[in-house]
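**Q** generate a structure from the sequence data that follows.
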Amino acid sequence: MVDDDPGLRELLLSALRFAGFEVAAAGDVPTALTAIAARPPDAIVLDVMLPGTDGFDLLNLLRGQGVDVPVMFLTARDELDDRVRGLRMGGDDYLTKPFSVVEVAARLEALLRRARRVPVPEDVLRCEDLTMDEDRHVVTRGESVLSLSPTEFRLLRYLLANTGRVVSKAQILDHVWQYDFGGDAGVVERFVSNLRRKIGEPQLIHTVRGFGYSLRPVRR
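**A** Numbers count the residues shown, from 1 in each chain. The predicted structure is shown next:
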């Protein structure tokens with residue numbers, strides 16, 4: 001993200017990270033070029049009015065260097081000529097200020113999908129022979145259908161969505177219950193224990209002492 005307004009950068013950094021993006025920010029063209037060269041991004045959010053070289057010139061330079069990632073202009077320049085110029089120069093989207101951060105995130109997701117850099121999420125989550133069909137709200141282990149409470153279903157969905165990763169009890173509380181139990185992590189332990197019992201052997205949910213839990217395939 002390239003924007004010279006520190007307040008706007010912080011707002012977008014927080015909002016996009018909350019939406020699940022990994023974001024790096026720059027306030028001017030030289031800093032942006034250095035960051036892009038060091039770690040090529042999947043997409044660029046670009047202001048037009050930048051100190052020194054403007055966003056149009058930066059885009060022209062990047063395209064000349066063969067950088068073909070999606071670029072979204074996010075700017076106060078709302079004249080039709082500016083929008084047409086940005087798109088004809090190789091921009092993929094043009095959004096004017098003021099804007100909704102929710103819309104920015106949604107447009108980025110659409111750009112990345114079209115560029116085939118982010119796969120369209122599947123409705124079925126699985127690990128080994130444990131399968132969750134979210135549309136049908138059905139969970140199976142092998143040939144057996146598991147009977148889960150709504151909270152157990154949400155907990156398992158979160159674990160399946162993070163297969164192979166370690167998630168803390170605090171993260172589980174936040175994502176499954178959407179609020180803090182005042183630091184009482186015992187509720188997580190109880191629900192994980194219930195899930196383990198219902199899922200059966202061999203166990204897929206593992207305790208990582210001092211960190212949390214990880215759902216991962218059985219080691220062969």
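**Q** which residues does residue 143 contact?
**A** Contact analysis of residue 143 by C-beta atoms under 8 Å, 6 or more residues apart in numbering lists nothing. Bear in mind the C-beta positions are built from the backbone N, C-alpha and C, glycine included.
**Q** look up phi and psi at it.
**A** Dihedral pair for residue 143: phi -100, psi 0, per degrees, to the nearest 10.
**Q** same question for the one 4 residues further on.
**A** Its backbone dihedrals place residue 147 at phi -100, psi 110, with angles given as degrees, to the nearest 10.
**Q** residue ranges with poor pLDDT in the protein?
**A** 116-122, 178-185, 219-220 (pLDDT under 70).
**Q** domain assignment for it?
**A** For the chain, automatic domain parsing gives the domain ranges 6-114, 124-215.
**Q** other SSEs contacting the helix or strand harbouring residue 140?
**A** Element membership for residue 140 (DSSP states H and E) is strand 138-141. Using 3 or more C-beta pairs under 8 Å, 6 or more residues apart in numbering; DSSP states H and E, the elements in contact with strand 138-141 are strand 130-133, strand 144-146.
**Q** most tightly packed of the ones you listed?
**A** Neighbour counts (mean count of other C-beta atoms under 10 Å) averaged over each of those peak at strand 130-133, with a mean of 18.
**Q** wait, is residue 94 part of a strand?
**A** Yes. Assignment of residue 94 by DSSP: H, G, I helix; E, B strand; the rest coil places it within a strand.
**Q** these two touch, right, it and residue 81?
**A** No. Applying C-beta atoms under 8 Å, one finds residue 94 not in contact with residue 81, separated by 11.6 Å.
**Q** so the two - more neighbours on which side?
**A** Set residue 94 next to residue 81 and count neighbours by other C-beta atoms under 10 Å: residue 94 wins out with 21 against 8.
**Q** and the more buried one, what does it touch?
**A** Taking C-beta under 8 Å, 6+ apart, we find residue 94 in contact with 72-73, 75, 82-83, 86-87.
**Q** can you check residue 55 too?
**A** Residue 55 touches 2, 46-49, 73, 75, 86, counting by C-beta under 8 Å, 6+ apart.
**Q** could you redo the last one with a cut-off of 10 Å?
**A** Shown in contact with residue 55 (C-beta atoms under 10 Å, 6 or more residues apart in numbering): 2-3, 29, 32, 44, 46-49, 71, 73-75, 77, 86, 89, 91.
**Q** distance to residue 194 added to the helices and strands packed on strand 138-141, as TSV?
**A** As requested, the helices and strands packed on strand 138-141 are exported to TSV (distance: least, C-beta to C-beta, whole Å):
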stretch	distance to residue 194
strand 130-133	15
strand 144-146	11
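**Q** nearest to residue 216, out of the ones you listed?
**A** With C-beta to C-beta as the criterion, residue 216 lies closest to strand 130-133 of these, at 11.0 Å.
**Q** parallel or antiparallel, list what pairs with the closest one.
**A** Neighbouring strands of strand 130-133 in its sheet, by DSSP bridges, are strand 124-127 (antiparallel), strand 138-141 (antiparallel).
**Q** one step back: just the buried ones from the contacts of residue 55?
**A** The neighbour-count test (16 or more other C-beta atoms under 10 Å) marks 2-3, 29, 32, 44, 46-48, 71, 73-75, 77, 86, 91 as buried among those.
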